[in-house]
Each structure stands twice: as C-alpha cells, then as structure tokens.
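A.B. asks: Pasting the sequence and the predicted coordinates here, then a few questions.
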Amino acid sequence: MSADLEPKQANYSQPMTVPVITIDGPSGSGKGTIAHRVALKLGFHVLDSGALYRLLALAAQRHGFSLDNEDALEVLAAHLDVQFQDNHGEAMLILEGQDVTHEIRTEEVGAAASKVAALPRVREALLQRQHAFRESPGLVADGRDMGTVVFTDACLKVFLTASAEARAERRYKQLKDKGFSADLEIILADIRARDLRDSQRAVAPLKPATDAIVLDSTALGIEAVLAAVLQEAKKQSSLQQFFA
Ligand code: DC
C-alpha cells in the first residue's frame, strides 16, 4: 500500500476519555442491531457509519454525480447536509431537509454506498463527521473500519461476521416479512459482490482490527451475540461504571 493510501489514524483532538466500542463486520452480520442494543444497555450514543456512506451515495445520485467522480464526491462529502434525529429511539435520517430513513436502506443504495466508500478522499472527508459522534457518556460505532481506522483507541473492538449464506437468508426473510418479493440467489450474489468490494479496496478494507474480538453469528441468535459482547464489555475497566 502506498503512503498516501495509508488509512489515517484516529484524530487525537477527540475527547479521548469518552469510551468507544466498535462493532465492524460485513453487511447482514447483525452489527447494527447489536450496536443499538449495546448502546441502549450502557446509555451510549450510536454511530451508524454505513448510513453516512448511504446518504452520500443517495445525494450523489440525486445531484447526478457519477459514483466514481472522486473530485465531486469529496466536495459533496465535506458539505453533506445531513441530520441524524432521534425519533422515539429510532434514528431518523434527514438529507438536505428530507426524511430519507427508509430510502437509504434499499439494496441499490447499499451497492452505491459501497462504491463511493472505495474512494480514499471521500473516506477522509467523512472522518471528522464520524469523530464528532464521540460524545459523553460513550459511543458504540458500527461499520467496516471503526476499529481499524476511525476509533483505533476504542476500549472494545468487536468484529461480527457470519457466512454469506446465513446473511442472505436473514435479508431474504426480512424482505419477505415486509411483504416484498425477493430472490435468495440474487441477494446472495449481491452480498458476495459487496463483501468482495468492501474487503479488497485499497483504503480501510473490511477486516478485523488486530486487537478485535471476532464473533461468528452464523449459528447464533441476536440474544446470544448480545450476551457475548456485553460479557466482553464488562471486562473493560473503563466500562464497568456503566454496568452498575
Ligand atoms: O453497513 P452498511 O451496509 O449500511 O454500509 C453500506 C456501505 O458503506 C458498505 O457496503 C460499505 C460502506 N461502509 C464503509 O466502507 N465503511 C464503513 N465504516 C461503513 C460502511
């Protein structure tokens, strides 16, 4: 990897005393659900970093920018007009004044997000925004590079994975439950394509931090994964006060 592609390390002007738990992993591993449940238990804030990439991808499409136009996307990322609002415990995402909470969750926007996320200057432009979520009493951050790049000093790093087949089946079931038509083979192919792009890109690829705890949720339910993460969290001295 050339020097200018090296991921930037955490910005040490952040309030370092605020504890951070990072939960990274591929799409469909359940990291978003686990991040929210852990945050709820500890009374922490949540950063869904994938939502930032999704919002950027949607904004790019709306402004007619090509998803590989790094110059335009870098400027858009730096000036992106987004708000994360709390809607009775659920995050409401506002892009340029419009509620796009549901629109950004489509497979199409997810694939577009994965493309803009491969651009180094786009990642750099979104770094400060992610650091700004680090607020007292603590933060649970989920994504692909939370533990490896954005919050390298996190007190607990979890890498949550599951087989592509198990993740495709979960997604298929979710869509069916919502009354959408879905094709398991297509979902599986999309998941594999996204995994490949996210893990093979030059900058901040999807991979566990060297000091991460790796959990495989293929055969585990959400409650079992949550219990395992909370058990690890309890062992961290900086988190003990939040279990009182
Ligand atoms: O977690 P998600 O499916 O909402 O993320 C959408 C895309 O954004 C994902 O395919 C890769 C990218 N992403 C990233 O590159 N880095 C992150 N920290 C979070 C998401």
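C.D. replies: Yes, it's here.
A.B. asks: what does the longest helix along the chain contact?
C.D. replies: Longest helix in the chain, counting residues (DSSP state H): helix 184-200. Helix 184-200 has contacts (CB atoms under 8 Å, 6 or more residues apart in numbering) with 26-28, 107, 110-111, 114-115, 117-118, 144, 164-165, 167-169, 171-172, 175, 205-207. Where C-beta positions appear, they are placed from N, C-alpha and C, glycine not excepted.
A.B. asks: Contacting the ligand as well, which ones from these?
C.D. replies: For the ligand, the contacts drawn from these by CB under 6 Å from any ligand atom are 27, 110, 114, 117, 144.
A.B. asks: Show me the two of these that sit farthest apart.
C.D. replies: Pairwise distances across those (CB to CB) peak at 12.4 Å, for the pair 110 and 144.
A.B. asks: between these two, which one's more packed in?
C.D. replies: residue 144 (26 against 19; other CB atoms under 10 Å).
A.B. asks: correct me, but the more buried one touches residue 206?
C.D. replies: Yes: proximity of residue 144 to residue 206 meets the contact threshold set by CB atoms under 8 Å, at 4.4 Å.
A.B. asks: Name the residues contacting each of these two.
C.D. replies: 24-26, 198.
A.B. asks: Can you list the buried residues in the helix or strand containing residue 53?
C.D. replies: Using DSSP states H and E, the element containing residue 53 is helix 49-62. Within helix 49-62, the residues scored as buried using 16 or more other CB atoms under 10 Å are 49-60.
A.B. asks: Ok, stretch 89-106 next?
C.D. replies: So stretch 89-106, judged by 16+ other CB under 10 Å, has buried residues 93, 95, 100, 104.
A.B. asks: Can you select the buried ones from the contacts of helix 184-200 in ChimeraX?
C.D. replies: Buried residues among those (16+ other CB under 10 Å), as a ChimeraX selection:
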select :26,27,28,107,110,114,115,117,118,144,164,167,168,169,171,172,175,205,206
